[in-house]
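Engineer: Sharing a sequence plus its predicted fold:
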Amino acid sequence: MIKTFEEARLLVRELQICTIFESSKSGLPSLWEYVDLPEKQSGEEGWGEKITAVWDWKNRLPATFPDEIFYGKMKGGFAVLMTMGYLRDFHFASCHRSIAQLNPLAAYIFEKIRNEPWETTALRDEVMETYGCSKSQFDTALKNLQISLNVVRSNDPGVDRDTWLPFQEIYPDIWQLHVVED
């Protein structure tokens, strides 16, 4: 059981991959199940110690250790933390899909992100207006871009909101190892 940020780092290194929150459908261990901090008590304000720590660590681990820990999504939409070695050696090869294999809305969103970083809310508003999709369609397309390892969330500690960047630009070594382009 863990209680600190450093222990969370060591846990991810040990497990190689874990979801953020517990789910029997993922088939993976979760950071949540290893955290030994109090959950929100009835009548307590805010989130409680455990959820606050887990939510913070999911962003801070890859921001603090960008060459060591990756945050992303896997099939089923589960948020995961994994070691860069696991991403490079196993996860990318089994999960990457080209933009051509995704739907036109995902391709449209990808082109926007490829041209410049976008924060989720601004991107959603822009795409819903220009493309004419629903919030749900947008959210699904963005999630599929993450699952297919075409976009990643910025790990810049100075960025407060989820901001999206092309995977290929952030992890060119992994991209070049696995993707053959014509």
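Structural biologist: Happy to help now that I have it. Residues are numbered from 1 along each chain as shown.
Engineer: only C-alpha atoms for contact and neighbour calcs from this point on.
Structural biologist: Fine.
Engineer: can you list the domain ranges for the chain.
Structural biologist: Per automatic domain parsing, the domain ranges recorded for the chain read 5-89, 96-182.
Engineer: TSV for these, including mean neighbour count and mean pLDDT?
Structural biologist: Listed next are the domains of the chain as TSV, based on neighbours: other CA atoms under 10 Å; pLDDT from 0 to 100:
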stretch	mean neighbour count	mean pLDDT
domain 5-89	17	93
domain 96-182	16	95
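Engineer: Quick check: bridge partners of the nearest residue to Glu22 once chain neighbours are set aside?
Structural biologist: Counting by CA to CA, 6 or more residues apart in numbering, Ser30 is the residue found nearest to Glu22 once chain neighbours are left out, at 5.2 Å. In this entry, Ser30 is beta-bridged to Thr19, by DSSP bridges.
Engineer: and the residue in the chain sticking out farthest from the centre, helix, strand or coil?
Structural biologist: Relative to the mean C-alpha coordinate of the chain, counting by CA atoms, centre = their mean, the farthest residue is Gly43 (31.9 Å). Secondary structure for Gly43, judged by DSSP: H, G, I helix; E, B strand; the rest coil, is coil.
Engineer: Check Gly27 too.
Structural biologist: With three-state DSSP as the criterion, Gly27 reads coil.
Engineer: Need the residues that contact the lengthiest helix in the chain.
Structural biologist: Ranked by residue count under DSSP state H, the longest helix found in the chain is helix 49-64. Applying CA atoms under 8 Å, 6 or more residues apart in numbering, the contact partners of helix 49-64 are 5, 8-9, 20, 31-32, 35-40, 68-71, 81, 155-157.
Engineer: Filter the residues you listed down to just the ones in helices.
Structural biologist: Using DSSP H to define helices, the subset of these located there is 5, 8-9, 31-32.
Engineer: Now render these as CSV, adding distance to Asp125.
Structural biologist: As requested, the ones in helices among the contacts of helix 49-64 are arranged in CSV below (distance: CA to CA, whole Å):
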residue, distance to Asp125
Phe5, 35
Ala8, 35
Arg9, 35
Leu31, 32
Trp32, 32
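Engineer: which ones are touching the most centrally placed residue in the chain?
Structural biologist: Residue closest to the average C-alpha location in the chain (CA atoms, centre = their mean): Gly72, at 2.3 Å. Residues in contact with Gly72 (CA under 8 Å, 6+ apart) are 79-81, 146-147, 152-153.
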